[in-house]
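J.: A structural model of the following input is requested.
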Amino acid sequence: MMEDFEALISERIAELEDIAEFSRESSATVELDQTRQGRLSRMDALQGQAMAKAGEQRRNQHLQRLKGALVRLERGEFGECLECGEPIAEARLKADPATTLCLDCASERESHTR
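T.: Next up, the predicted model:
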């Protein structure tokens, strides 16, 4: 079973790295030469750039969480809730192998942040 999770995590890491490579073009510096494009086109390009950078930041955070899951897997700690130590449901891990909390602890934490 753990081999399946290792493959799943590695596959998701590869997907995120592929997406990151593809999206680097979208977050490139926007040209400010008005002779090449109009003001609205520039504004659209700047908005697209900001969205691409935000997406890149989310991907990097998720990538770090997935790499952390690999470390926990190697240590034999994968699938244990970091709050209570109880096992995390297999379905929850399949949906997001980077998750670190069981459903009860995640719900409890979310109710405190509201």
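J.: Can you give me the domain boundaries for this structure?
T.: Domain assignment for the chain, taken from automatic domain parsing, gives 1-78, 80-114.
J.: Quickly, which of those bottoms out on average pLDDT?
T.: The weakest mean pLDDT among the domains of the chain belongs to domain 1-78, with a mean of 82.
J.: what are the phi and psi angles of the residue lying closest to Leu82 once chain neighbours are set aside?
T.: Closest residue in space to Leu82, ignoring its immediate chain neighbours: Thr100 at 4.6 Å, by CB to CB, 6 or more residues apart in numbering. Yep, even glycine has a C-beta here, placed from its N, CA and C like the rest. With angles defined as degrees, to the nearest 10, Thr100 sits at phi -120, psi 0.
J.: do Glu80 as well
T.: Dihedral pair for Glu80: phi -100, psi 130, per degrees, to the nearest 10.
J.: Tell me how far it lies from Thr100.
T.: Per CB to CB, to the nearest Å, Glu80 is found 9 Å from Thr100.
J.: of the two, who's got more company?
T.: Neighbours were counted for Glu80 and for Thr100 using other CB atoms under 10 Å; Thr100 has more, 19 against 16.
J.: Quick check: the more buried one touching Cys81?
T.: Yes: look at Thr100 against Cys81 with CB atoms under 8 Å: they come within range, at 7.2 Å.
J.: now the helices: where do they sit in this structure?
T.: When secondary structure is read from DSSP state H, the chain shows helices at 2-23, 39-75, 90-95, 103-113.
J.: would you list these in CSV and tack on mean neighbour count?
T.: Below are those laid out as CSV (neighbours: other CB atoms under 10 Å):
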stretch, mean neighbour count
helix 2-23, 13
helix 39-75, 14
helix 90-95, 13
helix 103-113, 11
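J.: list the contacts for the residue nearest to Leu82?
T.: 65, 68, 81-82, 88 (CB atoms under 8 Å, 6 or more residues apart in numbering).
J.: If anything else comes up later, I'll come back, but that's it for now.
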